[in-house]
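Visitor: Kindly return the folded structure for what I paste below:
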Amino acid sequence: MESWGPGRHYSSGRHTHEAAQGAGPRLLSRIGGIRPQFLIALVTVLGLITAGAVYGTIQARGPADAGAAPAASVSAPAGSAGAADPLSAAGSSGSGGTPTAAPPSPTPAAVAPPEPAIGPALDAEINAVIQANSGYQVGVALIDVADGAVHEYGVKTKFVAASTGKILAAAAYYHLVETGKASLGTPMGASTAGQQIRQMVQQSNNDSWALILAAVGHKGLTNYAASLGIPYDRTVNTLTPAEMARTLSELYSGRLLNAANTAQLLSYMQQTNYETLIPAAAPADVSVFHKYGLLNGNLHDASILVQGDRAYAFVVYTLGRDAEAARARVFHELTSTVAAGLF
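Guide: Numbering: from 1, shown residues only. As a prediction, the model looks like this:
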């Protein structure tokens, strides 16, 4: 005991005095006659007795009665450092002091990815419409602009593109403008190049088409189409439905032309001189940008259907011998089917 030194002995003596204040008058009257060593031993014994009593009370009352929070009300942020709650960090203790593992955190339920809009169900419905109209050659292409995947139905080979090929000619001229080789303000015919493009697309004017083709040039148009992955010969003007759909998808997505020229060309593809095919059957809340084609039994409509942030290139090419009005029914059936499946 003497080896502690005076400083520590003084500190222990003060602590003994504070602890003894609640021991009663008799104990206070006898403290002065007790040697320090015995006084320290007495305080130690009293401390052990008190601790045992408290421990027994806690065991009898349980941890919740002793002030411990219920496990269900305790949570700690994932990955937090510092004062972590014992129930979440090391588990609660049983009466024997052995840590009990905390229950594992519930695993979030797996969320299945949404079904793609263009899937087996819609594929089957489109094919059913084509099969029900087997008196015609019908080719359909459908692309979700968001992913660019091409879905083809019916005839997949080339048709005479008729006036739908005017979109490719317009894009080729805009490309010359964007590369500094042409201008929309260049005098052309009785107006300007820009006005000729508008007449070619909105009114399907063949004289305007001839002027634009001359400005682009046969080789220029062939090379431009090739840059899009499309083998194209203006002298025969043939395209597959998928090639036309890819052109429209690239146009609407902004990968074909800059924003201003994209918006201008799309504006010409609304309220055209021939709205009786796809536009006539599209829902009122779906915007339609399109170009129809009609030549020697070929009746086509190449469109972009838009509702909110969803856009789809939808192309129908047909070849037959009957009147246009009778064949319009095929376009209407296909448009209604596609719109119901996509919107």
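
Visitor: Please pull up the helix or strand immediately following the worst-scoring helix or strand of the chain on mean pLDDT.
Guide: When each helix and strand of the chain is scored by mean pLDDT, DSSP states H and E, helix 86-89 comes last, with a mean of 36. Moving toward the C-terminus from helix 86-89, the next helix or strand (DSSP states H and E) is helix 120-132.

Visitor: in that following helix, what counts as buried?
Guide: For helix 120-132, the neighbour count (16 or more other C-beta atoms under 10 Å) marks 122, 125, 126, 129, 130 as buried. No exception for glycine: its C-beta is placed from N, CA and C like everyone else's.

Visitor: Tell me the one of the residues you listed nearest residue 331?
Guide: For the buried residues of helix 120-132, the closest approach to residue 331 (C-beta to C-beta) belongs to residue 129, at 10.1 Å.

Visitor: Next, work out how far apart the closest one and residue 267 are.
Guide: 31 Å (C-beta to C-beta, to the nearest Å).

Visitor: go on, residue 252?
Guide: Distance of residue 252 to residue 267, computed by C-beta to C-beta: 13 Å.

Visitor: Can you show me the helices along the protein?
Guide: Ranges of helices within the chain are 6-20, 25-30, 36-61, 86-89, 120-132, 166-178, 193-202, 206-216, 218-227, 241-253, 259-268, 278-281, 324-342, based on DSSP state H.

Visitor: pLDDT value on residue 323, please?
Guide: Note on residue 323: pLDDT of 79.

Visitor: Which parts of this structure belong to which domain?
Guide: 1-57, 121-342 (automatic domain parsing).

Visitor: looking at these, which has the lowest confidence?
Guide: domain 1-57 - the lowest mean pLDDT of the domains of the chain, at a mean of 45.

Visitor: Tell me the bridge partners for the closest residue to residue 290 other than its chain neighbours.
Guide: Sequence neighbours aside, residue 303 is the residue nearest to residue 290 in space, at 3.7 Å (criterion: C-beta to C-beta, 6 or more residues apart in numbering). Note on residue 303: beta-bridge partners by DSSP bridges are residue 290, residue 314.

Visitor: how about residue 303, what does it touch?
Guide: 248, 278, 279, 288, 289, 290, 291, 313, 314, 315 (C-beta atoms under 8 Å, 6 or more residues apart in numbering).

Visitor: okay, now residue 116: neighbour count?
Guide: 13 (other C-beta atoms under 10 Å).

Visitor: Ignoring the adjacent residues along the chain, who's closest to it?
Guide: residue 144 (7.4 Å).

Visitor: got it, and residue 130?
Guide: residue 154 (4.4 Å).

Visitor: do the same with residue 256
Guide: That would be residue 250: by C-beta to C-beta, 6+ apart, it lies 4.4 Å from residue 256.

Visitor: Residue 175 and residue 251, how far apart?
Guide: 11 Å.

Visitor: Show me whatever sits in contact with both of the two.
Guide: By C-beta under 8 Å, 6+ apart, the residues touching both residue 175 and residue 251 are residue 257.

Visitor: Which parts of stretch 285-302 count as buried, going by neighbours?
Guide: For stretch 285-302, the buried set under the neighbour-count rule, 16+ other C-beta under 10 Å, comprises 286, 288-294, 298-302.

Visitor: Looking at those residues, which is nearest residue 341?
Guide: Nearest member of the buried residues of stretch 285-302 to residue 341, counting by C-beta to C-beta, is residue 286, at 12.4 Å.

Visitor: In space, what's closest to the closest one - neighbours in sequence excluded?
Guide: residue 307 (4.9 Å).

Visitor: Using PDB, list the CA coordinates for stretch 191-207.
Guide: Provided in PDB are the C-alpha atoms of stretch 191-207 (Å, rounded to 0.1, in the frame of the first residue of the first chain):
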ATOM      1  CA  SER A 191     -37.800  29.900-104.800                       C
ATOM      2  CA  THR A 192     -35.000  28.600-102.500                       C
ATOM      3  CA  ALA A 193     -33.600  25.200-101.600                       C
ATOM      4  CA  GLY A 194     -35.300  25.400 -98.200                       C
ATOM      5  CA  GLN A 195     -38.700  26.000 -99.800                       C
ATOM      6  CA  GLN A 196     -38.100  23.200-102.300                       C
ATOM      7  CA  ILE A 197     -37.500  20.800 -99.400                       C
ATOM      8  CA  ARG A 198     -40.700  21.900 -97.800                       C
ATOM      9  CA  GLN A 199     -42.700  21.400-101.000                       C
ATOM     10  CA  MET A 200     -41.000  18.000-101.600                       C
ATOM     11  CA  VAL A 201     -41.900  16.600 -98.200                       C
ATOM     12  CA  GLN A 202     -45.100  18.300 -97.200                       C
ATOM     13  CA  GLN A 203     -46.800  18.400-100.600                       C
ATOM     14  CA  SER A 204     -44.800  15.500-102.100                       C
ATOM     15  CA  ASN A 205     -43.900  17.800-105.100                       C
ATOM     16  CA  ASN A 206     -42.000  15.800-107.700                       C
ATOM     17  CA  ASP A 207     -40.600  18.900-109.400                       C
END
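
Visitor: Give the buried residues for that stretch.
Guide: In stretch 191-207, counting by 16+ other C-beta under 10 Å, buried: 193, 194, 196, 197, 198, 199, 200, 201, 202, 204, 205.

Visitor: how about these in JSON lines, adding distance to residue 186?
Guide: As requested, the buried residues of stretch 191-207 are exported to JSON lines (distance: C-beta to C-beta, whole Å):
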{"residue": "193", "distance to residue 186": "5"}
{"residue": "194", "distance to residue 186": "8"}
{"residue": "196", "distance to residue 186": "10"}
{"residue": "197", "distance to residue 186": "11"}
{"residue": "198", "distance to residue 186": "14"}
{"residue": "199", "distance to residue 186": "15"}
{"residue": "200", "distance to residue 186": "15"}
{"residue": "201", "distance to residue 186": "17"}
{"residue": "202", "distance to residue 186": "19"}
{"residue": "204", "distance to residue 186": "22"}
{"residue": "205", "distance to residue 186": "17"}
